[in-house]
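Colleague: Okay, structure incoming, though there's no sequence with it:
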């Protein structure tokens, strides 16, 4: 039997008061329908999207948003105040999280709006298809189609790709598939607590079980998403892929993040492949952050610094369109 605390340890004094308050609020683990219960999954996803939209609707950020289709894929084009709407502005291809099933429609817009402010770029948010009606590789196909379309209007040095959680899975898988299909890499990649291993084989899936207040195992969801395909395939679990040739990568996690192992293993794999990779591990932070604490703002500042540096480096050394 695994030896773990019966209850999570108290929030440490080393984090902000807002973070301590957030950490004390544990969400109950979700109850998933049987894999073959299509209507049950559709109901679960509808309810989860509704909860997400309700929670995020109070955010009022000064962002211009256009709902459109790119390569026949639903998408949002977002631009914060002060970001130029012209062909010289870099584009951040943002792939939303949501356990590979949640975050479609209005939820996609709400989840990606803060990133449009953080990045300071024009942001393309992919409203990719999800299971049970559209299992793998539908979401990855949608992300690749939008990436191809983006390469038609921007040079690679003006393209940045990022995603959090399930979006981190798809962002990394997108680059693996793009490279395999002969497409150029973007200027940089951002993986925020990525769901890089759908087999959940890392140490933190045991050591942080019941400790992360935001996340529990997603094995049932991963199987639904995979639709019978091998979970170890690199397009499903990018951690197991050949990461050589990847662009500079920013990775973020926390010491109470169930996906801690995903992130640190991905960092080591990138380093072993000769890729420039930054790893940021935040004290006591759970999956997805604290939800508005000063530590969350620090993630945004670190990410913006990383993106700005590689934006300058690639534009100075590359050929602009």
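Modeller: That came through fine. Keep in mind that this is a model prediction, so the values were computed, not measured.
Colleague: Would you mark the buried spots in the lowest-mean-pLDDT helix or strand in the chain?
Modeller: The helix or strand of the chain with the lowest confidence, counting by mean pLDDT, DSSP states H and E, is helix 294-317 at a mean of 89. Using 16 or more other C-beta atoms under 10 Å as the test for burial, helix 294-317 gives 295, 296, 299, 303, 306, 307, 310, 311, 314, 315. For every residue, glycine as well, the C-beta is placed using N, CA and C.
Colleague: do the same with stretch 233-251
Modeller: Buried, per 16+ other C-beta under 10 Å, within stretch 233-251: 233-241, 243, 246-251.
Colleague: Equivalent analysis for stretch 272-288, please.
Modeller: Buried, per 16+ other C-beta under 10 Å, within stretch 272-288: 275, 277, 278, 279, 280, 282, 284, 285, 286, 287, 288.
Colleague: I'd assumed residue 243 was in contact with the first one.
Modeller: Yes. Judged on C-beta atoms under 8 Å, residue 275 makes contact with residue 243 at a distance of 6.1 Å.
Colleague: next helix or strand past the helix or strand where residue 189 lies?
Modeller: Residue 189 is part of strand 188-192 when elements are defined by DSSP states H and E. Next along the chain after strand 188-192, taking DSSP H and E as the criterion, comes helix 204-207.
Colleague: Would you mind identifying the next helix or strand past that following helix?
Modeller: Next along from helix 204-207, by DSSP H and E: helix 219-226.
Colleague: ok, for residue 222, nearest residue in space, not its chain neighbours?
Modeller: Take residue 222 and drop its neighbours on the chain: the residue closest to it by C-beta to C-beta, 6 or more residues apart in numbering is residue 198, 4.1 Å away.
Colleague: Check the spacing between that neighbour and residue 108 real quick.
Modeller: 21 Å (C-beta to C-beta, to the nearest Å).
Colleague: who's more crowded, these two?
Modeller: Set residue 198 next to residue 108 and count neighbours by other C-beta atoms under 10 Å: residue 198 wins out with 28 against 25.
Colleague: What about the nearest residue to residue 42 once chain neighbours are set aside, how many residues nearby?
Modeller: The shortest distance from residue 42 to any non-neighbouring residue, by C-beta to C-beta, 6+ apart, is to residue 132 (6.8 Å). Residue 132 has 20 neighbouring residues, counting by other C-beta under 10 Å.
Colleague: For residue 132, give me the pLDDT.
Modeller: Looking at residue 132, its pLDDT stands at 98.
Colleague: who's in contact with it?
Modeller: Applying C-beta atoms under 8 Å, 6 or more residues apart in numbering to residue 132 gives the contacts 38, 41, 42, 224.
Colleague: What ranges does the stretch 101-250 of the chain have for its helices?
Modeller: 106-119, 138-151, 166-180, 204-207, 219-226 (DSSP state H, counting those that start in this stretch).
Colleague: can you pull out the strands in the stretch 1-150 of the chain?
Modeller: Under the criterion DSSP state E, counting those that start in this stretch, the stretch 1-150 of the chain contains strands at 63-70, 73-80, 91-95, 122-126.
Colleague: sorry, back to before: state the distance from the residue nearest to residue 222 to residue 136.
Modeller: Using C-beta to C-beta, we find residue 198 at a distance of 10 Å from residue 136.
Colleague: Residues that sit against both of the two, list them.
Modeller: Shared contacts of residue 198 and residue 136, counting by C-beta under 8 Å, 6+ apart, come down to 225, 226, 236.
Colleague: before we move on, the earlier item: let's have the helices of the stretch 101-250 of the chain in JSON lines, adding mean pLDDT and distance to residue 17.
Modeller: Shown next, in JSON lines, are the helices of the stretch 101-250 of the chain (pLDDT from 0 to 100; distance: least, C-beta to C-beta, whole Å):
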{"stretch": "helix 106-119", "mean pLDDT": "96", "distance to residue 17": "22"}
{"stretch": "helix 138-151", "mean pLDDT": "98", "distance to residue 17": "38"}
{"stretch": "helix 166-180", "mean pLDDT": "98", "distance to residue 17": "29"}
{"stretch": "helix 204-207", "mean pLDDT": "97", "distance to residue 17": "26"}
{"stretch": "helix 219-226", "mean pLDDT": "98", "distance to residue 17": "33"}
